[in-house]
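Just need the structure, nothing else, for what follows:
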Amino acid sequence: MGTLSLAGISSAFAAAAPLVVEKDHRVAAAKDTHLILVLDLKPNLGDLRKSGAEASDLVRATAASYAKDYLAQPEFSSSLKVVVYLISVESMDEYNRAKFDGMKRYGTIAFEKKGDEVVLTEDKLSFTP
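Predicted structure coming up:
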């Protein structure tokens, strides 16, 4: 996959290094012509709080990075769009599985594949540290 086009975004967003969201805190599934990607930010909340006012830009950079990475994977290469759901799973069940009914939702950010670029198309992030 080529470049990530982020026209119209803040310079802090463009310069932010993405967070590392461990594999067991990510879920991806193809649906029709798009990809749904869920990122659980709970393990990263400490880092986000430390980043203060730039936390939202850090979340956006993280979503952009994972959107680009997942669209480049062979099993998702036919997807034209990815919608990234940004959440925080607050508790686990007795089998150590995420309890999604009590999660915090921080919004969605959507990207589309246009040629070799991945372009930000929708930003509905509502995150405050």
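
which regions of this protein sit below the pLDDT cut-off?
Along the chain, the parts satisfying pLDDT under 70 run over 1-15, 91-99, 129.

Next secondary structure element downstream of the top strand by length along it?
If you go by DSSP state E, the chain has its longest strand at strand 104-114. As assigned by DSSP states H and E, the chain's next helix or strand after strand 104-114 is strand 117-125.

tell me which residues of that following strand are tucked away?
By neighbour count with 16 or more other Cβ atoms under 10 Å, strand 117-125 contains the buried residues 118, 119, 120, 123, 125. For the C-beta atoms, the positions are set from N, CA and C on the backbone; glycine is no exception.

same thing with stretch 22-42?
Buried, per 16+ other Cβ under 10 Å, within stretch 22-42: 25, 28, 34, 35, 36, 37, 38, 39, 40, 41, 42.

Stretch 83-91 now?
Under 16+ other Cβ under 10 Å, the buried positions of stretch 83-91 are 83, 84, 85, 86, 87, 88, 89.

List the contacts of that stretch.
Residues outside stretch 83-91 that contact it (Cβ atoms under 8 Å, 6 or more residues apart in numbering) are 25, 34-42, 45, 59, 63, 66-67, 98-100, 102-111, 125, 127.
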